[in-house]
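> let me see the structure of the following:
(one chain, ligands or ions: 1)
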Amino acid sequence: MPLEEELFPSTPGKIKNQTMNRQLHRCFSSTSTLFLWALFLIALTASYLSFQSFVDTGSKYFTASWGGLQWEKQVRNSAQIRRSSSPGMSVLVTGAAGFVGSHVSLALKKRGDGVVGIDNFNSYYDPSLKKARKSMLNDHGIFIVEGDINDAKLLAKLFDVVAFTHVMHLAAQAGVRYAMENPGSYVHSNIAGLVNLLEICKSANPQPSIVWASSSSVYGLNEKVPFSESDRTDQPASLYAATKKAGEEITHTYNHIYGLSITGLRFFTVYGPWGRPDMAYFSFTRNILQGKPITIYRGKNRVDLARDFTYIDDIVKGCIGSLDTSGRSTGTGGKKRGPAPYRIFNLGNTSPVTVPTLVSILERHLRRKAKKHVIDMPGNGDVPFTHANISYASSEFGYRPTTDLQTGLKKFVRWYLSYYGYNGKSLT
Ligand SMILES: O=C(O)[C@H]1O[C@H](OP(=O)(O)OP(=O)(O)OC[C@H]2O[C@@H](n3ccc(=O)[nH]c3=O)[C@H](O)[C@@H]2O)[C@H](O)[C@@H](O)[C@@H]1O
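A predicted model of the protein is given here:
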């Protein structure tokens, strides 16, 4: 028999037992085989070690405890619709202990919709702020499950317990510049977590309608102003933006194949009470109060950077308007039965403000001068400006932002001082 035929038989199982015995004997007797065995042992040890590290990583994400009759009862109670005027919805809010998630959850609950939250309480920023948001939501009858959107068993269990009509997907790794420090966290939450959630939603019966947070950062290096939904979004400036853009493409495929109703919201630099400590307006406030310097980035040719800062209450109205008009998913048993809505909206303020102006507004509200350190914008994923065209959201659900930066920051500062006090020492 030719060697090639012996080693790579065209039909599996073609080698007779006798031939194999002869080969094995030859194998064990040669010195080169000893070397191969050594290699095999090393590979075995390496795979064991990497399996251990996988288990460690996995348990880091999925340590939360859930399940049991009492837990199911809490989930069901929280999801209960208490609205008499209209059918109402029961919404699974991911990232419910986050900035936007906590505000949207509260607004839904207040008008009688059922809300169940899920959040992994990671330490990207001070988890005690997330816990405080959670206890505020608990006081309003909203139950937040501690868990990760990558945990398929947990998500499947939640859909077993409640037939959610909608998912408000706000769990994500946020922050533009942090993507250079920890790229894996963006892949974990914004790509893998999103796909995991969509897999569960597509198989749920009935399928929920999904509204989720994309980002103004998808416009990247786009120079046409104001930014419209139809403008190009294929030039992201950061990995964060790239994962949000990928999310838009991924959700499109789930809409196309499985009939999931999908609405993506491009948020423009959202700010306000209970906000994110990693964002500029928040960290500037902390530093100004503590007498520490703040770094202000400046664009090319000494042009000030500008953002279409959008107040949280306006964003909440946009989220709820999107949920109310989302239309139904059409699939059952994981199969599409007809076309379902696929929409993308800008949710901005339509009125960009420069970063130095943001600082001077804060100085006025805080009655303190900032120690400004102005530097050229490092190549860290930032874009020079953002500016939303909101006519699509206006025509679809009457989105109209009503809070200017001056007013919104006043409300933020009032909250900040009541939460942290003047020196803000509890904030790390
Ligand atoms: O609109 C969005 O899509 C994004 O808005 C924000 O991102 P960003 O606009 O960069 O918000 P900040 O981090 O608060 O920065 C605001 C401005 O302040 C500038 N900045 C930031 C930090 C700093 O120390 N100094 C400084 O001048 C930035 O360059 C930027 O121009 C959020 O952090 C993102 O999660 C969100 O997706």
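
> just give me the neighbour total for the closest residue to Asp324 other than its chain neighbours.
Nearest residue to Asp324, sequence neighbours excluded (Cβ to Cβ, 6 or more residues apart in numbering): Phe397, at 6.7 Å. In short, each C-beta sits where N, CA and C put it, glycine included. Residues lying near Phe397 (other Cβ atoms under 10 Å) number 19.

> which bits of the stretch 151-300 of the chain sit near the ligand?
174-176, 215-217, 267-269, 279-280, 295-297 (Cβ under 6 Å from any ligand atom).

> again, 8 Å this time
Applying Cβ under 8 Å from any ligand atom, we find that the stretch 151-300 of the chain lies next to the ligand at 172, 174-177, 213, 215-218, 240-241, 244, 266-271, 276, 278-284, 294-298.

> what's the closest non-adjacent residue to Asp376?
Arg298 (5.7 Å).

> my guess is that neighbour contacts Met377. True?
Yes - the pair Arg298 / Met377 is scored as a contact, 6.3 Å apart, by Cβ atoms under 8 Å.

> hey, what's in contact with both of those two?
Counting by Cβ atoms under 8 Å, 6 or more residues apart in numbering, the contacts common to Arg298 and Met377 are Leu305.

> got any ranges where this structure has weak pLDDT?
Residue ranges of the chain with pLDDT under 70: 1-64, 423-428.

> now the spatially most central residue of it: which helix or strand?
Taking Cα atoms, centre = their mean, the centroid of the chain lies closest to Ala172, which sits 1.6 Å from it. Per DSSP states H and E: Ala172 is located in neither a helix nor a strand.

> equivalent analysis for Tyr240, please.
Assigned by DSSP H and E, Tyr240 falls within helix 239-258.

> only the buried residues of that helix, if you could.
Within helix 239-258, the residues scored as buried using 16 or more other Cβ atoms under 10 Å are 239-248, 250-251, 254-255, 258.

> for that helix, packing partners?
helix 183-186, helix 194-203, strand 209-215, strand 262-267, strand 342-347 (3 or more Cβ pairs under 8 Å, 6 or more residues apart in numbering; DSSP states H and E).

> any idea how far that helix is from the middle of the chain?
Relative to its chain's centre, helix 239-258 lies at 12 Å (Cα atoms, centre = their mean, to the nearest Å).

> angle of it against strand 342-347?
Going by axes from the mean of the first three to the mean of the last three Cα atoms, to 10 degrees, helix 239-258 is angled at 150 degrees with respect to strand 342-347.

> could you pull out the helices in the stretch 251-400 of the chain for me?
Remark: helices assigned in the stretch 251-400 of the chain by DSSP state H, counting those that start in this stretch are 280-289, 312-324, 355-366, 391-397.

> the shortest one - contacts with which helices or strands?
I take that to be helix 391-397. helix 312-324, strand 342-347.

> and the last one, which strands flank it?
In the sheet containing strand 342-347, its partner strands are strand 262-267 (parallel), by DSSP bridges.

> got the angle between the strand it pairs with and helix 194-203?
Using the same axes, to 10 degrees: strand 262-267 against helix 194-203 is 150 degrees.

> contacts for strand 262-267, please.
Contacts of strand 262-267 (Cβ under 8 Å, 6+ apart): 100, 209-216, 218-219, 229, 247-248, 251-252, 254-255, 310, 315, 318-319, 322, 326, 340-348, 388.

> what do you get for stretch 351-367?
Against stretch 351-367 from outside (Cβ under 8 Å, 6+ apart): 280-281, 284-285, 288-289, 294, 296-297, 304-309, 369-370, 372, 385-387, 404-406, 409-410, 413.

> what parts of the stretch 301-428 of the chain come near the ligand?
Going by Cβ under 8 Å from any ligand atom, the residues of the stretch 301-428 of the chain near the ligand are 305-309, 355, 358, 377, 382-386.
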